[in-house]
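> Sequence first, predicted model second:
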Amino acid sequence: MMQKGALNVEKIRIDFPILNRKVSGGRPLVYLDNAATTQKPLAVIDAIHDYYMNYNSNIHRAVHQLAEEATIAFEKTREKVAKFINAKSTDEIIFTRNATEAINLVAYSWGRANVKKDDKIVITEVEHHSNIVPWQILTSEKGAKLEYIGVDDNGYLKMQEYKSHLDSNRVKLVSVTHMSNVLGTIVPVSDIIKMSHEKGIPVLIDGAQSVPHMAVDVQKMDCDFMAFSAHKMLGPTGVGILYVKRDILEKMPPFISGGDMIKEVHKYETRYNELPYKFEGGTPNIADVIGFAAAIDYLNNLGMDKVREHEIELTKYAIDRISGVKGVTLYGPRNTNDRGGVVSFNIGDVHPHDLATIMNDHGVAIRSGHHCAQVLMERLDVAATSRASFYIYNTKEEIDTFIGALEEARRLFKI
Amino acid sequence: MSDDIYREIILDHYRNPRNKGKLPDADVSIHDSNPLCGDEIDIHLKVDGDKIKDIKFEGRGCAISQASASMLTEMVAGKPLTSVKDLTKNDILENIGLMNLGPARIKCALLSLKVLKLGMVKYYADRDPATAKKLQDDSKGL
């Protein structure tokens, strides 16, 4: 019954045991909250299990066999990550706890060293809180300014505003998302980076919503920093990635200091470790970094272009079906080439939390609320939205179940 | 399940809330929100002697939080503070007829009681510190 499409979804679903779960009194789980976190294939769960069962050890230090095996597995993930986003070198890949910590690393290390009074940092109205709050803290500490690129009613950035900010000649950093976690808008990051680089300004790309869903090439894009999270791309929680161009990273002061990030420590001075270890103080999340390698393998086997194709197909279908439900307001671009697999909407005066409760009764997991994007919620003039987001294992039949639940909400609320 | 929650009376209070608005000469005004959902409630109280002479609420959020606030104002208007201050979680759930809410949605139903208790904390702060303290502790459990 599965659709013929870019991916063999029927086969994929076998690899995700959780998708067999029954919820809400025996209904099959319809998991449409993938922009928050994705489910994990057995290969990832097994890799973590295997590490704890067979070679659990701290890394980078001891000479015993377990430590060597763990170190090799840990560093193997770094190689796979570098290759996955086409970084020049593994030295440019830093492991953090999550994308939020990756952005904070840049704000605290690069930001404190480079941003001065009256400088500007440019972000957009569609950012996640993780790409707003660190810059609020930095700019207020330094007496610098935070400027926003606005978003139009169709969910596209107002590029003229961006140009005006750049022309003010005070911009020190541009930090934008590659894909809005609410509107789904795919931001024209290549244009943004090109315009910024003409003025010699570095750009941070928040890739938390893009790297899991499409082929991303940091060299081709030419971004200076990129942050993303393993758990949104089949990997475990607790692993974030920061990519930084080598020449910038070499000049950055440390962020978290202590063990593992040092070469020599004397009473009053320290020589820091080489890249990227200088930025990885303390024992890292070894098991989950190792598990993340299995997630990257899984996505590589599918092919990121196929993943994207599958999501475009589902998103088109979802938008078509949702548009047919009376009383629905959809947010974000209509053209699926300009958006990822995220569909935000409201229906009549039903509050998204009430809708999520009704959805849950049908076994459908969606997200409701402000999606950590309150600046965008204010811009849209809504308190909250409901959001369905898709991944490799979702089907059109699941979207039909979701639409059935939406119709049920309409009936209950008499819309 | 949803049929039980979104009954006529809940939708009626959601769409036609009672005692909604400002109270210019309020003795106490208090605001709180549920960071999980973003539900917001303000409660304004006018106290006469020991009686709640007038109560109004403002807010935005889901049907459960707003209907529950509306029904709470009807329940306590004109009542003595001494009885209102002892209202419990179960009193509220019985009042709105939703005894089987899950842990996420129960917070929505109880937000208005929490705000009312915090309002009374403010009212009793100088008048009766022991009662204020007890109300403060009660509100933490909601």
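Received it, and whenever you're ready, just let me know what you need.
> A:Gly155 contacts A:Thr185, correct?
Yes. If you go by C-beta atoms under 8 Å, A:Gly155 and A:Thr185 touch, sitting 4.6 Å apart. Just so you know, the C-beta spots here come from the backbone N, C-alpha and C atoms, and that holds for glycine as well.
> which residues do these two both contact?
Common contacts of A:Gly155 and A:Thr185, defined by C-beta atoms under 8 Å, 6 or more residues apart in numbering or on different chains, comprise A:126, A:332-333, A:339.
> In JSON lines, list these along with distance to chain B.
Shown next, in JSON lines, are these (distance: C-beta to the nearest C-beta, whole Å):
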{"residue": "A:Val126", "distance to chain B": "18"}
{"residue": "A:Gly332", "distance to chain B": "20"}
{"residue": "A:Pro333", "distance to chain B": "25"}
{"residue": "A:Arg339", "distance to chain B": "24"}
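> hey, C-alpha coordinates of stretch B:31-49 in CSV?
The C-alpha coordinates for stretch B:31-49 follow below in CSV (Å, rounded to 0.1, in the frame of the first residue of the first chain):
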residue,chain,number,x,y,z
HIS,B,31,-0.3,37.5,36.1
ASP,B,32,1.2,34.1,35.4
SER,B,33,1.8,32.0,32.3
ASN,B,34,2.6,28.4,31.5
PRO,B,35,5.9,28.4,29.7
LEU,B,36,5.1,25.0,28.2
CYS,B,37,2.1,26.2,26.3
GLY,B,38,2.3,29.9,26.5
ASP,B,39,-1.1,30.1,28.1
GLU,B,40,-1.5,33.4,30.0
ILE,B,41,-3.9,34.4,32.7
ASP,B,42,-4.4,37.7,34.6
ILE,B,43,-6.7,37.9,37.5
HIS,B,44,-8.1,41.1,39.1
LEU,B,45,-9.7,41.0,42.5
LYS,B,46,-11.8,43.5,44.4
VAL,B,47,-12.2,42.6,48.0
ASP,B,48,-14.9,43.9,50.4
GLY,B,49,-14.3,42.9,54.0
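> Tally up the residues packed near whatever residue of the stretch 151-300 of chain A ends up closest to chain B, please.
The nearest approach of the stretch 151-300 of chain A to chain B comes at A:Val182, 13.8 Å away (C-beta to the nearest C-beta). Look at A:Val182: counted by other C-beta atoms under 10 Å in any protein chain shown, it has 26 neighbours.
> which residues touch stretch B:2-12?
A:354, A:357-358, A:361, A:408-409, A:412-414, B:63-64, B:67, B:96-98, B:100-101, B:105.
> What of stretch B:83-90?
B:52, B:76, B:110, B:113, B:116-117, B:120, B:124, B:131, B:135, B:141-142.
> if we go to 7 Å?
Applying C-beta atoms under 7 Å, 6 or more residues apart in numbering or on different chains, the external contacts of stretch B:83-90 come out as B:52, B:76, B:110, B:113, B:120, B:131, B:135, B:142.
> Go through it and flag the buried ones.
Neighbour-count burial for stretch B:83-90, with 16 or more other C-beta atoms under 10 Å in any protein chain shown as criterion, is recorded at B:84-85, B:87.
> who's in contact with B:Leu113?
B:72, B:87, B:92, B:142.
> Could you tell me the average pLDDT over whatever helix or strand it lives in, please?
Take DSSP states H and E as the rule and B:Leu113 turns out to sit in helix B:103-127. Mean pLDDT, helix B:103-127: 94.
> Equivalent analysis for stretch A:402-415, please.
Rounded mean pLDDT across stretch A:402-415 is 96.
> taking the buried residues of stretch B:83-90 one by one, which sit in helices?
The helices, defined by DSSP state H, take in B:Val84 from the buried residues of stretch B:83-90.
> Just the closest of the buried residues of stretch B:83-90 to A:Lys232, please.
B:Leu87 (43.0 Å; C-beta to C-beta).
> what's the neighbour count on A:Ser89?
A:Ser89 has 10 nearby residues by other C-beta under 10 Å.
> That one contacts A:Arg246, doesn't it?
Yes. A:Ser89 is in contact with A:Arg246 according to C-beta atoms under 7 Å; the separation is 6.4 Å.
> Please, where are all the helices along the stretch 1-150 of chain A?
A:9-14, A:42-50, A:65-84, A:99-105, A:112-114, A:133-142 (DSSP state H, counting those that start in this stretch).
> Please give me every residue in contact with whatever residue of chain B ends up closest to chain A.
Of all residues in chain B, B:Cys62 sits closest to chain A, at 3.8 Å by C-beta to the nearest C-beta. Neighbouring residues of B:Cys62 by C-beta under 7 Å, 6+ apart: A:351, A:353-354, B:37, B:39, B:108.
> Ok, A:Ile403 next?
Per C-beta under 7 Å, 6+ apart, neighbours of A:Ile403: A:321, A:325.
> Tell me the spacing between A:Ile256 and A:Asn104.
10 Å (C-beta to C-beta, to the nearest Å).
> So for the two, which sits in the more crowded spot?
Between A:Ile256 and A:Asn104, counted using other C-beta under 10 Å, A:Asn104 has the larger neighbour count: 23 against 16.
> Name the nearest residue to the more buried one, sequence neighbours excluded.
Excluding its sequence neighbours, the residue lying closest to A:Asn104 (C-beta to C-beta, 6 or more residues apart in numbering or on different chains) is A:Pro134, at 5.1 Å.
> my read: the one you found touches A:Ala107, true?
Yes. Between A:Pro134 and A:Ala107 there is a contact under C-beta under 7 Å: 3.8 Å.
> So if I had to pick from those two, which one is more boxed in?
Legend: neighbour count by other C-beta under 10 Å for A:Pro134 and A:Ala107, higher for A:Ala107 (25 against 21).
> Any stretches of chain A with poor pLDDT?
Residue ranges of chain A with pLDDT under 70: A:1-4.
> Backbone dihedrals for the residue located most distally from the centre of it, please?
Centroid-distance maximum for chain A: A:Lys267 at 40.6 Å, with C-alpha atoms, centre = their mean. In terms of degrees, to the nearest 10, the main-chain angles of A:Lys267 are phi -60, psi -40.
> Can you give me every residue that contacts it?
No residues are in contact with A:Lys267 under the rule C-beta under 7 Å, 6+ apart.
> Between the contacts of B:Cys62, which sits nearest A:Ala373?
B:Cys37 (14.9 Å).
> Pull up the gap between that closest one and A:Ala365, please.
If you go by C-beta to C-beta, the gap between B:Cys37 and A:Ala365 works out to 16 Å.
> can you check B:Thr82 too?
Counting by C-beta to C-beta - B:Thr82 and A:Ala365 are separated by 45 Å.
> so which residue of the stretch 101-250 of chain A comes closest to chain B?
A:His129 (12.0 Å).
> Show me the beta-bridge partners of the nearest residue to A:Pro284 once chain neighbours are set aside.
The shortest distance from A:Pro284 to any non-neighbouring residue, by C-beta to C-beta, 6+ apart, is to A:Phe95 (5.5 Å). Beta-bridge partners of A:Phe95, counted by DSSP bridges, are A:Ile241.
> I figured A:Phe95 hits A:Ile286, correct?
No. Counting by C-beta under 7 Å, A:Phe95 does not reach A:Ile286; the two are 9.7 Å apart.
> quick one, helices of chain B?
B:2-5, B:8-15, B:63-76, B:81-84, B:89-96, B:103-127, B:129-140.
> who touches the residue lying closest to A:Thr177 once chain neighbours are set aside in this structure?
Excluding its sequence neighbours, the residue lying closest to A:Thr177 (C-beta to C-beta, 6+ apart) is A:Asp206, at 4.2 Å. Residues in contact with A:Asp206 (C-beta under 7 Å, 6+ apart) are A:99, A:103, A:128, A:131, A:176-178, A:227.
> could you redo the last one with a cut-off of 10 Å?
Counting by C-beta atoms under 10 Å, 6 or more residues apart in numbering or on different chains, A:Asp206 makes contact with A:99-100, A:102-103, A:123-124, A:127-128, A:130-131, A:175-181, A:187, A:189, A:225-229.
> give me phi/psi at it?
phi -90, psi 100.
> What distance do you get for it to B:Lys79?
Applying C-beta to C-beta, the value for A:Asp206 to B:Lys79 is 52 Å.
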